[in-house]
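Novice: need a structure here:
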Amino acid sequence: MRVLFTTPEMDDFVQVGGLAAVSAALPRALRGICDIRVILPGYRDVLAKLTSLEVVAVVPATAGLPRCVLGKSAAVDGLPVYVVICPQLYDRPGNPYGDEQRRDWPDNDIRFARFASVAAQLAAGTLDPAWQADLVHCNDWQSALVPSYLAWNGSNIPTILTIHNLAYQGLFDPATAGRIGAPEGAFAIHDMEFYGKASFLKSGLVHATHLTTVSSTYAREITTAEHGCGLDGVLRSRSDARELTGILNGIDESWDPRSCRALTSPFASGEWDARDANAEHVRREFGLALSRGPLFSLVARLVHQKGVDLVLAAANTIVQSGGQIIVTGQGEPKFEKALQEAQRRDPENIAALIRFDDGEARRIFAGSDFTLMPSRFEPCGLSQMYAQRFGSLPIGRQTGGLSETIIDGKTGFLFCEPSRSSFLGGILRALVTFKRKPRLNEMREQAMAQDFGWRRSAANYTALYTKLAA
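Specialist: So this is what the prediction gives:
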């Protein structure tokens, strides 16, 4: 089976969020059962990391989409990778979606429509004479137009669209429909029109053969008005037709505290002295006072969804109870400033790193006692899986993937409402547990024994691929 995996980011080359980790791990987990190839935009960082590149096709301009080149290369382990090369669209500073001030690029509609249209042509066999797809797996709004372009062009290649976060929909001015070469009538309620905007995600939800999302709980939640972001009607229709499936994400094998090269003191379950050495190192590394109290961490995008305001509201309680807090991530300026101000007021107990570095994150998971995840919604979440593998007990809201991967009172703590009082209930339970070292270590052992590998998820995707391709 030939599968084209379309994604706007991939850990090997460029990372903004959890999609990059999934896009690096899932295709590799599926390589044994299908000829899977990845396609992504040719950002500056992507082209810089490719050691060789073969030009497969030159794609002419159409409508408002500029001329581009399709190149073929491979990741370091040989995984085939196609890139859409168009310097005027992708050779820019900043991240894949915005500039260095994290403002969205104003031509993101053209950037990702060009990417999706090339992916659709590659899948249909019109660009690479040696390869075409039996199935296309798309991810989030940035590649959601692949099913649309295939449908608009009369192709019957089956497509899967995975929703990693419904809140990001790719909304643009109505004139976008003409600029991206959509057929007349596409800007309509049965396709891409969404409350007067052109929605890339909605068009993909309509045209994809099957929809998946990243946990069974989130698959149910997004069919409700509370979590459906205005698309719950479309999603209920697809769910009622059994065309919406929740498949939990996994994490790759590098998240093993026994062999992780980022740690100063690798450790196994039960080796708590070695784990304590990581805590001491993290405190020194980030300027916290040495302490025997609990260390709490927040490793996340600093946005409203992640409950950063709830962490700020709980900070005094944590510190007054003898705890310390390390935060790392980037996001909304108001949260970045508030966290930096909290650090300025109490630098011995609060560290706020307005950046993301994979090695730092691993050391924080390995050194912290508890990982804070008060998300208002969480499609799947990876931090709670990373935390448990490294013996940090997550404190998470009972929503989405958190409710499926945290066993309350055994591998972490769940709380019900996205409120300060409910969140503090989880924190207070953690503080009580911290004082009972045998109980704390028992929970750590159970958390570290959890299996979050890709094997089960890959098997579910394999079954779905086989069903749709048939």
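Novice: Strands of the stretch 201-350 of the chain, residue ranges please.
Specialist: 210-213, 244-246, 295-299, 324-328, 350-353 (DSSP state E, counting those that start in this stretch).
Novice: Taking their axis directions, the fourth one and strand 295-299 sit at what angle?
Specialist: Right, strand 324-328. 20 degrees (axes from the mean of the first three to the mean of the last three Cα atoms, to 10 degrees).
Novice: Can you say which of the strands of the stretch 201-350 of the chain is nearest to residue 35?
Specialist: Among these, strand 210-213 comes nearest to residue 35, with 19.9 Å by Cβ to Cβ. Using the backbone N, CA and C atoms, a C-beta is placed for each residue, glycine as well.
Novice: quick one on the thing from earlier: can I get the strands of the stretch 201-350 of the chain in CSV including mean neighbour count?
Specialist: Formatted as CSV, those follow (neighbours: other Cβ atoms under 10 Å):
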stretch, mean neighbour count
strand 210-213, 23
strand 244-246, 22
strand 295-299, 25
strand 324-328, 26
strand 350-353, 23
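Novice: so which of those strands gets nearest residue 376?
Specialist: strand 295-299 (14.4 Å).
Novice: Tell me which of the strands of the stretch 201-350 of the chain sits nearest to residue 30.
Specialist: Nearest of the strands of the stretch 201-350 of the chain to residue 30, taken as Cβ to Cβ: strand 210-213 at 13.6 Å.
Novice: So for the closest one, mean pLDDT?
Specialist: Mean pLDDT, strand 210-213: 98.
Novice: Contacts for stretch 124-134, please.
Specialist: Residues outside stretch 124-134 that contact it (Cβ atoms under 8 Å, 6 or more residues apart in numbering): 1-4, 37, 56-57, 59, 70, 72, 82, 118, 121-123, 150, 153, 155, 157-158, 469.
Novice: Show me how far it is from its chain's centre.
Specialist: In terms of Cα atoms, centre = their mean, to the nearest Å, the centre of stretch 124-134 is found 28 Å from the chain centre.
Novice: residues of that stretch that come out buried?
Specialist: 124, 127, 128, 131, 132, 133, 134 (16 or more other Cβ atoms under 10 Å).
Novice: Same question for stretch 98-105.
Specialist: residue 105.
Novice: please renumber so the chain begins at 50
Specialist: Renumbered: residue one is now 50, and that last one reads stretch 147-154.
Novice: contacts for it?
Specialist: Applying Cβ under 8 Å, 6+ apart, the set of residues contacting stretch 147-154 is 141, 142, 143, 144, 146, 160, 379.
Novice: And it, end to end?
Specialist: Taking Cα to Cα, to the nearest Å as the measure, stretch 147-154 stretches 5 Å from start to finish.
Novice: again with stretch 222-235
Specialist: So stretch 222-235: terminal residues 14 Å apart, Cα to Cα.
Novice: Check the offset of it from the chain's centre.
Specialist: When distances are taken as Cα atoms, centre = their mean, stretch 222-235 is centred 29 Å away from the chain's centroid.
Novice: Same question for stretch 456-463.
Specialist: 23 Å.
Novice: That one: which residues count as buried?
Specialist: Result for stretch 456-463 [16+ other Cβ under 10 Å]: buried residues 456, 460, 461, 462, 463.
Novice: out of the residues you listed, which one sits closest to residue 239?
Specialist: Using Cβ to Cβ, these come closest to residue 239 at residue 463, 39.8 Å.
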